[in-house]
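Colleague: what's the 3D shape of this:
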Amino acid sequence: MASSAQHVERRAQSHQSIREVVLARTETLTLYQQLASMRPFGPEQTVQDTLDRFCQALVDYTAGTHFQLYRRIEENIERRAPVQRLAGEIYPRVLHTTEVILEFNDRYDPTRPCEDLDMDRLTRDLSQIGETLAERIDLEDRLIQTLTQSRD
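Modeller: Here you go, the predicted structure:
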């Protein structure tokens, strides 16, 4: 059985992880909004710069979320039954959103020059990635709620 000090430490680490996920999410959504507000897109360097920053934030957020929220689930060391049940329900959908995010990032790799961007496709892809982010955030919020309500 875990000592009270260990319980408090795990709880503090869990809350810190959640704060980091929310901060990364907020940065990503802010950059998404900045990029989306540039429509209709032109071949301006500011679009490329914002797209590059958005892609970096998106990948950092996605990777950070997996490490911060899902590591214990992936490693099969999460003990709380409510967390395990919810993770079993949502994790396949989370993995799907990760695939969509990585495909978006690969398509808009920052090493590609701005002239090579298909601005019409970017408009469509931004709409899709926005829907993907909305789904992912909903799933994360459900997990965060369960994590913060479940006892060790």
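
Colleague: rest of the way, CA atoms for contacts and neighbours
Modeller: Fine.

Colleague: List the buried residues of the worst-scoring helix or strand of the chain on mean pLDDT.
Modeller: Least confident helix or strand of the chain, by mean pLDDT, DSSP states H and E, is helix 71-74 with a mean of 81. Residues of helix 71-74 classed as buried: I73 (neighbour count, 16 or more other CA atoms under 10 Å).

Colleague: On the C-terminal side of it, identify the next helix or strand.
Modeller: helix 81-107 (DSSP states H and E).

Colleague: helices or strands up against that following helix?
Modeller: Here helix 81-107 touches helix 45-65, helix 119-149, going by 3 or more CA pairs under 8 Å, 6 or more residues apart in numbering; DSSP states H and E.

Colleague: angle of it against helix 45-65?
Modeller: 150 degrees (axes from the mean of the first three to the mean of the last three CA atoms, to 10 degrees).

Colleague: Next, the angle from helix 81-107 to helix 119-149.
Modeller: Going by the same axes, to 10 degrees, helix 81-107 makes 160 degrees with helix 119-149.

Colleague: Any buried residues in helix 81-107, and which?
Modeller: Within helix 81-107, the residues that count as buried by 16+ other CA under 10 Å are 82-84, 87, 91, 94, 97-98, 101-102, 104-105.

Colleague: can you give me the offset of the least confident helix or strand of the chain from its chain's centre?
Modeller: Its chain's C-alpha centre and that of helix 71-74 lie 16 Å apart, by CA atoms, centre = their mean, to the nearest Å.

Colleague: who touches that helix?
Modeller: Applying CA atoms under 8 Å, 6 or more residues apart in numbering, the external contacts of helix 71-74 come out as 78, 84, 87.

Colleague: Equivalent analysis for stretch 14-23, please.
Modeller: Here stretch 14-23 makes contact (CA under 8 Å, 6+ apart) with 61, 64-65, 68-69, 144, 148.

Colleague: Of the residues you listed, keep whichever come out buried.
Modeller: Listed as buried from the contacts of stretch 14-23 are 61, 64-65, 68-69, 144; burial here means 16+ other CA under 10 Å.

Colleague: closest to A12 among those?
Modeller: Set against A12, the nearest of these by CA to CA is Q68 (12.8 Å).

Colleague: and the closest one, what does it touch?
Modeller: 17-18, 20-21.
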